[in-house]
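Chemist: mind looking at a prediction? Sequence and model below.
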Amino acid sequence: MNETAMTKEELAKMAKEVLADGKVDFSEATRLLGFMTPTVSKSEEYAEFRRLLERVMEDGVITDEESEEVAAALRKLTARKRVPWSLTLRLCLMMFVQMMTYPVWFNTVVPYIRTLPGGERWVPFCGILMGIGIFASPVVCMFADRLFDSGKVLACCNVGAALALVGVYFTPNPSLVFALLLVVTCLLMPTWALVSSIAMTHASPASFPYIRSFGSIGWAAAALFSAVAIWCFGFETFDKSPYIFLCGAATCLAGALVGVTLPATPPKAGGRKTGIADALGLKALALFKDRELLKLFLILFVAMMPFQWYFGYNTMYLDESGFKCLNLTQSLGQVLELGFLALLPVMFTKCGVKWSLMVGLGALALRYLFFYVATATGCHAFDYGGILIHGLIFGGIVVIAQMHVAEKAPDALKSQAQALVFILTTGVGDFLSIAVFSRILSWCKLADGTHHDWTLPFLVSLGLAVLAMLLLGFFYKGVGRGSDA
C-alpha cells in the first residue's frame, strides 16, 4: 500500500485488524507508526496519534496500560462521525442559496450590457469579472481561517453584494455597471471556497459531493426567475433587463440569513499572527512542494481556458443563435449535474484523481465537438448536448480538484487551499480564456457588427481540451484514491 494513499477508510480497516484482540502490541504499534507519515499526519488529530505512538514506543516495550491507551485513541480516531440530519439540511440549504446568488445575473450579464449605450466594448471586461473576483478569495478566506467565524464572514459578503447589486439596477452607465459588478464579484467569489470549507468541516469528505449537489440545484434554480418572468408575465426581454440584478440582490440577502444560522465554524488557525502571506493566501502555495500536484494544476490551466470561456460567452452565442430563454437554457446543464456529482465519490475512490480528471476533460472536448457540429449544421440538438454534459465536466475537473486538495491541505490552511483551487484554475484560467477568445471573436465578427462566426472559437476550444487530456495522460502520474504515485 502506498503511504501517501493512506485514508481514514484504510486506517479503519487496519484498526479492525489490530484491535481484533482488544490490544495493541509493539509490532502492531510499529506497523501503525509506519503508516502515520508526515503526509498522512497533516491534521492535528492524526499528528496527536502519531506523537502518542512515538511516546509509548520510546523504551521498546508497550505496557498493558499504554496498550489500552493506544487502542482507545485508535478507536476514537477511526470512529465514524454521524452528522445530524438537521445539520446536513442546513449545509445543503447553504450550498443551494449561495450557488444561486451568482448565476441569477451573471449568466446573462453580457447580453444585458450589450443593450446599454457603449456597452459593446465592455463585453470582454464582463468576461473577466469572475477571474478578478476570485483573486479576492485568499484575503476573505484568511479572515475565516484566522480571525472570524466562517458563517459570519459568509453573511457579511452576501450583504455587501446585495447592496452593490441594487446599485447596478439603478445605473445605466456601462462603466459604472462594471465597477459595481466588480465589487459584487469580489464579495461573492470567495463564498464558493467558504461554503466548501464549511461543508467539509461539518460533514465527512464522502458526503461532500452530495451536499455540493445542492449547489447545482441552486445554480439551476436561478433560472426560475427568468422562466417565471417570461412564461407567467410575458416579459420576454427579462434576461436583458436590469431586473436580473434585483433578483440577485434578493438571493444574496437570503444567503446572508442562512450564513448567520450556520453552526459555529471558528478560525482553524486562530491565535496565530497574520501577515502578507496569510492575506494573499501565499502559505497555501506550500502545497506545490508536491511536484505531482504542481504538474496537475499546470495542466488544469490549459483546460480552464475552454472551460471558463463557456461561462463568459455561451449566452452571447445562444442569443446570436436565436435562443430566447437564455438563463434557463444555460442552466439546463446543472440539472444533469446532480446525477454526475452523485457518481463522484465512487469515481474518486475507484478511478483516482488522474482518471477522474480524464473523464472530465474528455467531456469538455465532447462539449465543443457538439457546439462545432451545431454551428456547422444548424442543428440545435447538439447545442443542448454541449450544455447538458456540463455536470460531468464540472464534477470531473473542479470538484475532483477540490476533493484532492482537501485531502492534502493541513487544517490551518483548509479555506485558503480551497481558495487556491479557484485562483489557479478559475481565476488565472478566466484571464487566459478572455485573452485568447476575445481576440479570436474579433476575427470572427460578421459584416453586421453584432454577430459572429463561432466555428473557429469552438475548434480552438476542442483543441485545447484534447491537449489537456494528452498532457494529463503523459505527464501526470496520479493513481489511486486522491493520491499521487
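Modeler: Done, it's in.
Chemist: tell me the contacts of Val166?
Modeler: Val166 makes contact with 245-246, 249, according to C-beta atoms under 8 Å, 6 or more residues apart in numbering. Placement of C-beta: from N, CA and C, glycine included.
Chemist: who wins on neighbours among these?
Modeler: Neighbours here mean other C-beta atoms under 10 Å. Within the contacts of Val166, the largest count is held by Phe245, at 26 neighbours.
Chemist: how about the strand or helix carrying it: buried residues?
Modeler: Per DSSP states H and E, Phe245 falls inside helix 243-261. Going by neighbour count (16 or more other C-beta atoms under 10 Å), the buried part of helix 243-261 is 243-256, 258-259.
Chemist: same for it, what does it pack against?
Modeler: helix 85-100, helix 103-106, helix 150-169, helix 174-202, helix 223-227 (3 or more C-beta pairs under 8 Å, 6 or more residues apart in numbering; DSSP states H and E).
Chemist: before we move on, the earlier item: farthest pair in the buried residues of helix 243-261?
Modeler: For the buried residues of helix 243-261, the farthest-apart pair by C-beta to C-beta is Tyr243 and Gly259; their separation is 24.8 Å.
Chemist: surely Phe208 meets Ser197?
Modeler: No. Taking C-beta atoms under 8 Å as the definition, Phe208 is not a contact partner of Ser197, at 10.5 Å.
Chemist: tell me which of these two has more neighbours.
Modeler: Per other C-beta under 10 Å, whichever of Phe208 and Ser197 has more neighbours is Ser197, with 26 against 22.
Chemist: was I right about that one contacting Ser150?
Modeler: Yes. Under the criterion of C-beta under 8 Å, Ser197 makes contact with Ser150 at 6.3 Å.
Chemist: list the contacts of Leu388.
Modeler: Residues near Leu388 by C-beta under 8 Å, 6+ apart: 332-333, 335-336.
Chemist: of the residues you listed, which belong to helices?
Modeler: Per DSSP state H, helices hold the following members of the contacts of Leu388: 333, 335-336.
Chemist: which single one of these is nearest to Thr426?
Modeler: Of all the ones in helices among the contacts of Leu388, Thr426 sits closest to Gly333, with 16.4 Å by C-beta to C-beta.
Chemist: and the gap between Val428 and Ser150?
Modeler: Between Val428 and Ser150 the computed distance is 25 Å (C-beta to C-beta, to the nearest Å).
Chemist: which parts of the helix or strand that contains Ser433 are buried?
Modeler: Here Ser433, judged by DSSP H and E, is contained in helix 428-443. Of all the residues in helix 428-443, those buried under the rule 16+ other C-beta under 10 Å are 428-434, 436-438, 440-441.
Chemist: likewise for stretch 167-177?
Modeler: Across stretch 167-177, burial judged by 16+ other C-beta under 10 Å covers 167-169, 171, 174, 177.
Chemist: how about CSV for those residues, with pLDDT and distance to Leu318 added?
Modeler: Converted to CSV, the buried residues of stretch 167-177 look like this (pLDDT from 0 to 100; distance: C-beta to C-beta, whole Å):
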residue, pLDDT, distance to Leu318
Gly167, 96, 28
Val168, 96, 22
Tyr169, 95, 24
Thr171, 91, 25
Pro174, 93, 21
Val177, 95, 21
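Chemist: surely Lys324 is in a strand?
Modeler: No. Read with DSSP: H, G, I helix; E, B strand; the rest coil, Lys324 is coil and lies in no strand.
Chemist: residues contacting it?
Modeler: The contact partners of Lys324, by C-beta under 8 Å, 6+ apart, come to 230, 236.
Chemist: please apply the same query to Val466.
Modeler: With contact taken as C-beta under 8 Å, 6+ apart, Val466 is in contact with Ala365.
Chemist: how close does it sit to Gly362?
Modeler: Distance, Val466 to Gly362, using C-beta to C-beta: 9 Å.
Chemist: which regions of the stretch 151-300 of the chain sit below the pLDDT cut-off?
Modeler: The model of the stretch 151-300 of the chain has pLDDT under 70 over residues 204-206, 266-282.
Chemist: related to what we said a few turns ago, and the helix holding Phe245, how far out from the chain middle?
Modeler: 20 Å (C-alpha atoms, centre = their mean, to the nearest Å).
Chemist: I'd like to check the angle between it and helix 85-100, please.
Modeler: Helix 243-261 runs at 150 degrees relative to helix 85-100, counting by axes from the mean of the first three to the mean of the last three C-alpha atoms, to 10 degrees.
Chemist: convert the C-alpha atoms of helix 243-261 to CSV, please.
Modeler: Output of helix 243-261 as CSV, limited to C-alpha atoms (Å, rounded to 0.1, in the frame of the first residue of the first chain):
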residue,chain,number,x,y,z
TYR,A,243,-34.3,43.3,-13.0
ILE,A,244,-31.8,40.4,-13.0
PHE,A,245,-29.8,42.4,-10.5
LEU,A,246,-32.7,42.9,-8.2
CYS,A,247,-33.2,39.1,-8.2
GLY,A,248,-29.5,38.7,-7.5
ALA,A,249,-29.8,41.1,-4.5
ALA,A,250,-32.7,39.1,-3.1
THR,A,251,-30.8,35.8,-3.2
CYS,A,252,-27.8,37.4,-1.6
LEU,A,253,-29.9,38.6,1.3
ALA,A,254,-31.3,35.0,1.6
GLY,A,255,-27.7,33.8,1.7
ALA,A,256,-26.8,36.2,4.5
LEU,A,257,-29.7,34.9,6.6
VAL,A,258,-28.5,31.3,6.1
GLY,A,259,-25.0,32.3,7.0
VAL,A,260,-25.9,33.6,10.4
THR,A,261,-27.9,30.4,11.2
